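Chemist: sequence and predicted structure below; questions after.
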Amino acid sequence: PRSGVRPRSKRMVLMAGRATVHWANGRREAARAGFEELSLRFPEERNVHYAFGVFLLRDDPDAALAEFNRELKISPFHVEAMLQIALEKNLRAENEEALALARKAVELAPTNSAGRNILGRVLLNMDDVEGAIKNLEAGVKMAPLSREMHFELARAYARAGRKEDAAREREEFRKLDEAREAARSEQKTMGGIDLESK
């Protein structure tokens, strides 16, 4: 084809797009069916299982973990899949697994702020407060406008007894949160589609 996209790839992209549009519009059953069909038709393609896993995470975290693990079998260095598993394992207090994956993800992508955030959270859960602070401070430098980075760093500083630093990070989080809410309100009044809330 003139576009340079193979027909098989084009079919895959269209199917993924349809499933994502259903998801963005709150049609979860149609979205799930779309992602299921996508993973059945293209089981060996990169990012298919990852996308399905992200979709499943809210309602069926066990199935999401299975999809992320399938993704890692296809793409052993898929940093985002590692981080999703690490985050879920951290929530379940399966600390050693969470730590191993978060560390590997940071090693593979040292400038990925999400990796620093998740590694910091895992270390904080394991009472390595200094290790958490080191990674979260690095993450804030990489992503200074990330609300989540400032929030987690405030938690770590509070655990370390660094009250002034914690207060500064909480204030930064509050400002960024207010700016985000103002932007969302403006988008709604202008008739924009708010995909972030889906």
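Modeler: Thanks, I have it.
Chemist: show me the residue at the heart of the protein, geometrically.
Modeler: Gln84 (6.1 Å; C-alpha atoms, centre = their mean).
Chemist: so which elements touch the host helix or strand of it?
Modeler: In this structure, Gln84 sits in helix 79-91 according to DSSP states H and E. Contact here means 3 or more C-beta pairs under 8 Å, 6 or more residues apart in numbering; DSSP states H and E; on that basis helix 79-91 packs against helix 48-56, helix 61-74, helix 95-108, helix 113-125. Any C-beta I mention is one placed from the backbone N, CA and C, and that applies to glycine too.
Chemist: now that helix: buried residues?
Modeler: For helix 79-91, a neighbour-count test (16 or more other C-beta atoms under 10 Å) marks Val79, Glu80, Ala81, Met82, Leu83, Gln84, Ile85, Ala86, Leu87, Glu88, Lys89, Asn90 as buried.
Chemist: low pLDDT regions in this structure?
Modeler: Within the chain, the ranges that satisfy pLDDT under 70 run 1-7, 190-198.
Chemist: isn't Phe55 up against Ala31?
Modeler: Yes: judged on C-beta atoms under 8 Å, Phe55 makes contact with Ala31 at a distance of 6.3 Å.
Chemist: quick one: common contacting residues for the two?
Modeler: Common contacts of Phe55 and Ala31, defined by C-beta atoms under 8 Å, 6 or more residues apart in numbering, comprise Ala19, Trp23.
Chemist: Leu108 reaches Ala81, doesn't it?
Modeler: No: at 11.3 Å, Leu108 and Ala81 do not qualify as touching, with contact defined as C-beta under 8 Å.
Chemist: what distance do you get for the residue lying closest to the residue nearest to the centre of the chain once chain neighbours are set aside to Phe52?
Modeler: In space, and not counting its chain neighbours, Gln84 is closest to Phe68: 5.1 Å by C-beta to C-beta, 6 or more residues apart in numbering. Counting by C-beta to C-beta, to the nearest Å, the gap from Phe68 to Phe52 is 9 Å.
Chemist: on the three-state scheme, Pro43 is what?
Modeler: Taken by DSSP: H, G, I helix; E, B strand; the rest coil, the conformation at Pro43 corresponds to coil.
Chemist: kindly report the same for Thr111.
Modeler: Three-state call for Thr111 (three-state DSSP): coil.
Chemist: what comes up buried for the helix or strand encompassing Val13?
Modeler: Assigned by DSSP H and E, Val13 belongs to helix 7-24. Residues of helix 7-24 classed as buried by neighbour count (16+ other C-beta under 10 Å): Met12, Met15, Ala16, Arg18, Ala19, Thr20, His22, Trp23.
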